[in-house]
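Colleague: For reference, the sequence and a predicted model appear below.
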Amino acid sequence: MTSSLPTLQNLIRRDPASYKDDFAVQYEYLKSKITLFFVSPSTELNDEISELIMFVSHCLKCYPTYHEEFPKMLEDLIRKQNSILPSELRVVICKSLIILRNRDLYQPVLLMKLFFELLGCPDKSLREMLKLHIITDIRNINLRNSNNKMNRAIQAFIHTMLFKASPVAAKIAIQIMIELYRKHVWNDAKTVNIIADGCLSTNNKIMVAALTFFLSNDPTQGNDEGGNTSEEEDKKEKAKKISTMVRCAGFTKKAKNKMKKLERARLILRKEVKKKRQPEGSFLAIHLLNDPQTFAEKLYKELGRLNDKFEIKLMVMQLIARVVGIHQLFLFNFYPYLQKYLSHSQVHCTKILAAAAQASHQLVPPDVIQPLIKHIANTFISDHQTNEVMAVGINSVREICVRCPLAMEKDLLQDLAQYKKHTDKGVSMAARSLISLFRTINRSMLAKVDQGKPGENLSEDGPTDYGASKPLEAIPGIEFLNSSSDEEEEEEEEEGEEKGCCVDKKGEEAGTKRKRLSSTSSNNSKKRPRTTSETSGGCCKTSAYEFLLLQISQELD
């Protein structure tokens, strides 16, 4: 009976009404096989059931009476008997449900919830297939217009999974959220806040996945499962084809078809250059946090709980520092906590120093950061330390003073400025950079020798008080708008010149054709030399051709 299933499937697609009874027989036969499988499971029944399920799923669209019964039967089968079913049959049932979803015979929200529940299954291949389908299905649904109703339902379900589902399913769920954010499908505030809740999870794997998302420099650029690499390879192949076209064009015969190909290549290159110049409009996900103050306080409480690995604790410290620095928050207990781990014997001392610099900003009171700067100076900047340790300490003090200049004391600054005459070049350059910084901020704190000449670009307003802000005289970055408009005008002028050149070329070609006709009508058999008006068309051809080659070579460079 199973050997005739492909032919019966082909006949049903051609004439569904004639083979309705045959389909009903096969459907009832599938039900009986499923009941028999639970009584005595065997591999033969497994193969028969998988073939019948795929047959019914392909032919179900022709018979609307079975549209509700068959998907519910498969859903109940895989949900209730998940632990008993073999892995091959689980994969077949999931594939048939995907087929029904692609043909709009099964609701996407129900399928997503079912697949999210199946992510805790011990079958690794099935989990990978479900993860890939969930990402591609959500991406295709939101391809043209975002379906907010469905997105909210799935996001709410994922949020409950982070704390109630199994650890494996919760980890894959948060990986799906991160992947959809990187693919610009779900890049809203709700997605970011769900991932932020993953940073507070008791499971270390979920916590690390969420922390790496926030600590990445650009969350939109990540591992896209080979998507980015394939796009880069395609771009490289296009660039190679265009470059070979330009090289061969200088040695071959100049014709109209080659001129058209070069024109198309030039337009493609211009579009790619415009895409590179345009800003993506994406920024750090930390900006989308709803309540960063409470989020930073909760992360600080998690530092006391973490006792497993110091690397995870370091990631939490880095995220707290980044949130505090970007949103300019008040978390005064965090700076003394960093002092415990600031020592030259610490392996990750440079990362902790960078976190201390990120966590400092102008709104922090100077009394809070001054003990941190003194601790760095006493621990790292001394004569019994190595030159590399001293340079790192002075540079870290400088980075903290850039963000919070009032935290520096006058005596300490003058002591650090004396290292400008140190024998090691790294230490002396770090001290000189600190001196140049305070020349622009507050030169009165420096010694008279280090204050510089009066004609230099020094600070004129003097030191600002705590909490004071200077009003801006102009909008920062407005000069880039003028430069972009000038570039667009230049491109329009170039396109106009090319069109004018093509029009002149066509007119001159028509004039040369008329002169050739008049010359052939005359009875003079002797060949006469060509006039300058006849040769002008060829010159215009070569000039336009060389102009295209020059433009393409410039854009390739």
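Modeller: Ah, there it is.
Colleague: Now do the same for the residue nearest to Asp123 when sequence neighbours are not counted: its pLDDT.
Modeller: Closest residue to Asp123 apart from its sequence neighbours, by CB to CB, 6 or more residues apart in numbering: Ser87 at 4.9 Å. All C-beta atoms are positioned from the backbone trio N, CA, C, and that covers glycine. On the pLDDT scale, Ser87 is placed at 86.
Colleague: can you count the residues close to Ser87?
Modeller: The number of residues packed near Ser87 is 13, by other CB atoms under 10 Å.
Colleague: wait, it sits on Ser125?
Modeller: Yes: if you go by CB atoms under 8 Å, Ser87 and Ser125 touch, sitting 7.3 Å apart.
Colleague: where's Ser146 relative to Val192, distance?
Modeller: From Ser146 over to Val192 the distance is 16 Å, taken as CB to CB, to the nearest Å.
Colleague: Where does the prediction get shaky in this protein?
Modeller: Within the chain, the stretches with pLDDT under 70 are 1-3, 43, 217-256, 258, 269-283, 454-464, 482-557.
Colleague: just the helices in the stretch 51-200 of the chain please.
Modeller: With DSSP state H, counting those that start in this stretch applied, the stretch 51-200 of the chain shows helices at 69-80, 87-102, 108-118, 124-141, 148-164, 167-182, 189-198, listed in chain order.
Colleague: Among the ones you listed, show me which one is buried the most.
Modeller: For the helices of the stretch 51-200 of the chain, the largest average neighbour count (mean count of other CB atoms under 10 Å) is found in helix 167-182, namely a mean of 21.
Colleague: and the angle from that helix to helix 124-141?
Modeller: When axes from the mean of the first three to the mean of the last three CA atoms, to 10 degrees is applied, the directions of helix 167-182 and helix 124-141 differ by 30 degrees.
Colleague: what helices or strands is helix 167-182 leaning on?
Modeller: In terms of contacts (3 or more CB pairs under 8 Å, 6 or more residues apart in numbering; DSSP states H and E), helix 167-182 is packed against helix 108-118, helix 124-141, helix 148-164, helix 189-198, helix 204-215.
Colleague: Not counting sequence-adjacent ones, nearest residue to Tyr106?
Modeller: Leu100 (4.2 Å).
Colleague: wait, doesn't that neighbour sit right on Leu60?
Modeller: Yes: using CB under 8 Å, Leu100 is in contact with Leu60, at 6.8 Å.
Colleague: what about Ala417, how many neighbours?
Modeller: Residues lying near Ala417 (other CB under 10 Å) number 20.
Colleague: sorry, back to before: quick check: neighbours shared by Leu100 and Leu60?
Modeller: Phe70 (CB atoms under 8 Å, 6 or more residues apart in numbering).
Colleague: For the stretch 301-450 of the chain, just list every one of the helices.
Modeller: Using DSSP H, counting those that start in this stretch, the helices of the stretch 301-450 of the chain run over 310-327, 334-339, 349-359, 366-380, 387-403, 410-417, 425-441.
Colleague: Hmm, Ile400 and Ile369 touching each other?
Modeller: Yes: in this structure, Ile369 is within contact of Ile400 by CB under 8 Å, at 6.6 Å.
Colleague: ok, Leu215 - contacts?
Modeller: Contacts for Leu215 (CB under 8 Å, 6+ apart) come out as 315, 318-319, 322.
Colleague: What about these, which one has the most neighbours?
Modeller: Leu319 (23 neighbours).
Colleague: Quick check: that residue touching Leu299?
Modeller: Yes: the pair Leu319 / Leu299 is scored as a contact, 6.3 Å apart, by CB under 8 Å.
Colleague: Give me the common contacts of the two.
Modeller: Joint contacts of Leu319 and Leu299 (CB under 8 Å, 6+ apart) are Cys199.
Colleague: As JSON lines, the helices of the stretch 301-450 of the chain with distance to Leu8 would be great.
Modeller: Formatted as JSON lines, the helices of the stretch 301-450 of the chain follow (distance: least, CB to CB, whole Å):
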{"stretch": "helix 310-327", "distance to Leu8": "58"}
{"stretch": "helix 334-339", "distance to Leu8": "70"}
{"stretch": "helix 349-359", "distance to Leu8": "66"}
{"stretch": "helix 366-380", "distance to Leu8": "78"}
{"stretch": "helix 387-403", "distance to Leu8": "74"}
{"stretch": "helix 410-417", "distance to Leu8": "87"}
{"stretch": "helix 425-441", "distance to Leu8": "80"}
